[in-house]
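> model this:
(one chain, ligands or ions: 1)
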Amino acid sequence: MMQETEILIAGGGIAGLSAAARLAADGHQIVIVDPAPAQNAQNNAPADDAATDLRTTAFLKPGIDTLTYADVWDDMQTSGAQLRVMRIVDAGGVERTARETADFNGAETSDGYFGWNITNIAAKAALLRKIATLDNVRLINDCRVTGYTPPTAAGPGPAIITLSDGQKFATSLVLAADGRNSTLRNLAGIRFNRWSYDQDALVFAVTHHTPHDNISTEIHRSGGPLTLVPMPDHNGKACSSVVWMVPHARATQLAAMDDAALARALTRDTMNLFGPVEIVTQRAVWPMVAQIAHRLTAPRLALVAETAHVVPPIGAQGLNMSLHDIETLAKQIDLAKLENKDIGSDELLHRWERRQLPKTIARVGGIDLLNRAAMAEPEFLRDLRYAGLCAINHIGPLRRLAIKAGIGK
Ligand SMILES: Cc1cc2nc3c(=O)[nH]c(=O)nc-3n(C[C@H](O)[C@H](O)[C@H](O)COP(=O)(O)OP(=O)(O)OC[C@H]3O[C@@H](n4cnc5c(N)ncnc54)[C@H](O)[C@@H]3O)c2cc1C
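Predicted coordinates:
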């Protein structure tokens, strides 16, 4: 039997759940579909993620505004740490002391801070708690989207979505938030480019002797950036999440070390800025890739989040870009609804795509360049990176531009 919904969202990751909460706040009827087992959603503690997703997300101010509108932020924020300053340290090649330190202070923005760092598990749990309270959102677990039939050229009919358990939905708009290996993107015939870096990100949390003072520190040394992002204290000790981007061979070596050896290596590569560190979680290794879809729309279909773009974790851009996709689309949909227009029309989707795709291409390209600059081994490239940071740090207008670009405004 055919069921109906105004909007169908494929994918219940942080992006899909955020989209559901944000669009629900405008009163839309939403079905969201995800393969995760139902009991995890009811427990509000995704057990599968707990074992695998050790990442944290630095939510920047525009993304926080979206989550505040969705009435999720107050709950999410309780488990996070505020980010007051973004510090970039150039460590040259393999030097043991910093060559240049640039502080981008949240006090230089109108909000007084840059963002908040939250574990992905806590962020997802807060979103699931919110969604469980919403009458206009139906979460279907244990199921995936397997079919997409666009409307016929003859008229403005709905798109038909088929699920793996045989259910069928007629809908005005489909949001593909089903991740980097998206089924919907393939079903719609949308091509994408993916490229890999010879680089992995090691992810874990540490306690350290020196307080972080709510400063997020990104250390640039050959091989990739090493970032420590503030977290709430752990057992009374200052705590940070670590994203350590290194060439693949070094990642393999680091991942094989016991905790004590890994802690010593980290203390050395952080130039002892945090004093001795202690590893307090498991570690995960993320191969570094970037990806971009050639188009963001198909009839009654919009690609958002990692379905549209994947970037290396530099400057906390990935999920924040996704929240920007969701916010800009939600505004267009809301306007159409107020004017009694079709919320999934080609006209609306193409207008959104014309604005969103160039921004997405620019940001994926910019982060790619930053990562390649951060990875650079040759001395002249390291010096160029250092000169760039000095220029941004000491020339006022460049600083302000960097702050604006960094927080995605
Ligand atoms: C080390 C690291 C650190 C990061 N740090 C930051 C940060 O500080 N700030 C930031 O903004 N970003 C950060 N990111 C990026 C951020 O983590 C990701 O953008 C985000 O987690 C991806 O969420 P998503 O919902 O788009 O995708 P996913 O989490 O992959 O969700 C996709 C969902 O779709 C489901 N699915 C798959 N197929 C189907 C189907 N056919 N039908 C229905 N559902 C389906 C999947 O099961 C999954 O639940 C970081 C990334 C890494 C690797």
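> What segments of the stretch 201-350 of the chain are strands?
Secondary structure of the stretch 201-350 of the chain (DSSP state E, counting those that start in this stretch): strands located at 215-221, 224-234, 237-247, 277-279, 284-293, 297-298, 301-303, 309-310.
> in what helix or strand does the residue lying closest to Q77 once chain neighbours are set aside lie?
Distance criterion C-beta to C-beta, 6 or more residues apart in numbering; nearest residue to Q77, sequence neighbours excluded, is W116 at 5.9 Å. (C-beta placed from N, C-alpha, C; glycine too.) Following DSSP states H and E, one finds W116 within strand 115-119.
> Please name every helix or strand in contact with that strand.
Secondary-structure packing of strand 115-119 (3 or more C-beta pairs under 8 Å, 6 or more residues apart in numbering; DSSP states H and E): strand 56-60, helix 61-69, helix 73-77, strand 81-83, strand 224-234.
> Identify all contacting residues around it.
Taking C-beta atoms under 8 Å, 6 or more residues apart in numbering as the criterion, the residues outside strand 115-119 that touch it are 54-61, 63-64, 76-77, 79-83, 216, 229-231, 241, 316, 407.
> ok so, going back, can you redo the strands of the stretch 201-350 of the chain as TSV with distance to D178, mean pLDDT and mean neighbour count?
Formatted as TSV, the strands of the stretch 201-350 of the chain follow (distance: least, C-beta to C-beta, whole Å; pLDDT from 0 to 100; neighbours: other C-beta atoms under 10 Å):
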stretch	distance to D178	mean pLDDT	mean neighbour count
strand 215-221	30	88	23
strand 224-234	27	92	22
strand 237-247	24	94	22
strand 277-279	33	95	21
strand 284-293	12	94	18
strand 297-298	14	96	23
strand 301-303	9	98	28
strand 309-310	13	96	24
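> quick one, which of the ones you listed is nearest to the ligand?
When these are compared by C-beta to the nearest ligand atom, strand 284-293 sits nearest the ligand, at 4.1 Å.
> Check which helices and strands the closest one sits against.
With contacts taken as 3+ C-beta pairs under 8 Å, 6+ apart, strand 284-293 sits against strand 192-208, helix 248-256, strand 309-310, helix 346-375.
> Out of those, which is the most enclosed?
Counting by mean count of other C-beta atoms under 10 Å, strand 309-310 has the highest mean neighbour count of the helices and strands packed on strand 284-293, with a mean of 24.
> for that strand, packing partners?
Helices and strands touching strand 309-310, by 3+ C-beta pairs under 8 Å, 6+ apart, are strand 284-293, helix 318-338, helix 346-375.
> can you tell if the first one touches the ligand?
Yes: using C-beta under 6 Å from any ligand atom, strand 284-293 reaches the ligand at W286.
> just the angle between that strand and strand 224-234, please?
120 degrees (axes from the mean of the first three to the mean of the last three C-alpha atoms, to 10 degrees).
> CA atoms only: put strand 284-293 into PDB for me.
In PDB, the C-alpha atoms belonging to strand 284-293 read as follows (Å, rounded to 0.1, in the frame of the first residue of the first chain):
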ATOM      1  CA  ALA A 284      39.900   4.900  15.700                       C
ATOM      2  CA  VAL A 285      41.600   5.400  12.400                       C
ATOM      3  CA  TRP A 286      39.800   7.300   9.600                       C
ATOM      4  CA  PRO A 287      41.400   7.100   6.100                       C
ATOM      5  CA  MET A 288      41.400  10.600   4.700                       C
ATOM      6  CA  VAL A 289      39.300  11.200   1.500                       C
ATOM      7  CA  ALA A 290      37.500  14.100  -0.100                       C
ATOM      8  CA  GLN A 291      34.500  13.800  -2.200                       C
ATOM      9  CA  ILE A 292      32.100  16.000  -4.100                       C
ATOM     10  CA  ALA A 293      28.900  15.300  -6.100                       C
END
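> What residues does this structure have near the ligand?
10-16, 33-36, 55, 57-58, 120, 144-145, 177-179, 183, 201, 203, 243, 286, 305-306, 313, 316-320, 322.
> low-confidence ranges in this protein?
Along the chain, the parts satisfying pLDDT under 70 run over 39-52, 92-98, 154-155, 376-409.
> Can you tell me which residue is spatially central in it?
For the chain, the residue nearest the mean C-alpha position is L319 (1.8 Å; C-alpha atoms, centre = their mean).
> thinking it is in contact with T56, fair?
No: taking contacts as C-beta atoms under 8 Å, L319 lies outside contact range of T56: 10.5 Å.
> check contacts around the residue nearest to the centre of the chain.
Contacts of L319 (C-beta under 8 Å, 6+ apart): 14-15, 57, 59, 63, 305.
> As JSON lines, those residues with neighbour count would be great.
JSON lines is the format used below for those (neighbours: other C-beta atoms under 10 Å):
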{"residue": "I14", "neighbour count": "25"}
{"residue": "A15", "neighbour count": "27"}
{"residue": "T57", "neighbour count": "26"}
{"residue": "F59", "neighbour count": "26"}
{"residue": "G63", "neighbour count": "26"}
{"residue": "A305", "neighbour count": "29"}
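> Most widely separated two among those residues?
Greatest spatial distance among the contacts of L319 (C-beta to C-beta): F59 and A305, at 14.1 Å.
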